[in-house]
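Participant: I need the structure of the sequence given here:
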Amino acid sequence: MSALVFVTGGSSGIGQALLETIPWAGARAVHFARRPAPAAAANHAVDLADPASWPRVAGVLERELAGFTGERAVFVHAAGVLTPIGFAGEVDPAAYRAHVLLNSAAPQALGDAFLRALSGTRAPATLLFLGSGAAHSVYEGWSGYCAGKAAVDHWTRTVGAEQKRRGDRCRVLCVAPGVVATAMQDEIRTTSERDFPDVERFRALHREGALRAPRDVARELWALTLRDLPNGAVLDLRDA
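Facilitator: The predicted structure is shown next:
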């Protein structure tokens with residue numbers, strides 16, 4: 001086995017494309033999501049918005065990495081949601097809480113679990129998060145999403161510095177992929193202007209053919225994992 005690859009949210013969108021374009025022959029792909037991904041060797045049905053699922057993911061990481069002697073171990077956290085779109089205090093509270101848990105808390109908890117599980121192998125490791133320009137922009141109607149992406153950005157910077165101090169045991173990266181033709185973009189374009197005042201900008205991007213194909217983005221993301229990037233780097237794929 002050349003590589004051991006873990007992906008969350010691989011049943012659609014960029015996550016699915018990442019599973020379908022893994023560049024290492026013979027890699028074992030392990031997937032975590034509510035729905036399975038055909039390209040994965042092992043699928044674990046979990047709702048990552050539920051904190052009760054996180055110990056289960058941690059257990060799988062520990063078992064898979066125990067004694068792993070391949071060339072590399074990679075964890076890509078692609079799971080995320082944009083809904084509910086709407087102003088804070090005006091959307092369904094249960095959906096908003098689940099949104100915050102998935103976008104803000106799960107990346108940190110699962111990233112911590114991956115780093116902890118790496119004690120079972122000496123293979124070089126990479127932890128990759130999908131970021132967003134929303135981390136440093138104000139989009140009314142996306143309060144949870146903007147805050148979640150900002151949290152992941154800063155977690156990456158901080159933990160990257162920690163890993164550098166520990167001898168670069170694991171390289172931690174966060175990459176914003178840009179505007180990609182996924183179901184999330186479909187959701188955006190169907191939102192009312194009252195709930196998302198910037199919706200017309202995204203409709204225009206679609207009309208102009210500015211959305212990138214998920215597989216093209218996935219290949220570029222994999223290529224970034226092979227580059228000698230500084231630990232804790234937060235990047236935009238369009239500038240990398």
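Participant: give me the distance between Asn43 and Leu110.
Facilitator: According to CB to CB, to the nearest Å, Asn43 stands 16 Å off from Leu110. No exception for glycine: its C-beta is placed from N, CA and C like everyone else's.
Participant: those two: which has the busier surroundings?
Facilitator: Shown here are Asn43 and Leu110; by other CB atoms under 10 Å, Leu110 has more neighbours (24 against 18).
Participant: which residues touch the worst-scoring helix or strand of the chain on mean pLDDT?
Facilitator: Lowest by mean pLDDT, DSSP states H and E among the helices and strands of the chain is helix 183-189, with a mean of 90. Counting by CB atoms under 8 Å, 6 or more residues apart in numbering, helix 183-189 makes contact with 12-13, 81-83, 85, 179, 196, 199, 202-203, 206, 211, all of which sit outside it.
Participant: was I right to think Pro197 contacts Glu140?
Facilitator: Yes. The pair Pro197 / Glu140 is scored as a contact, 5.2 Å apart, by CB atoms under 8 Å.
Participant: just give me the residue right at the centre of this protein.
Facilitator: For the chain, the residue nearest the mean C-alpha position is Ala78 (2.6 Å; CA atoms, centre = their mean).
Participant: okay, and the beta partners of His44?
Facilitator: His44 forms beta bridges with Phe32, as assigned by DSSP bridges.
Participant: residues in contact with it?
Facilitator: Residues near His44 by CB under 8 Å, 6+ apart: 30-32, 56-57, 60.
Participant: hang on, the earlier thing: next secondary structure after the least confident helix or strand of the chain?
Facilitator: helix 199-207 (DSSP states H and E).
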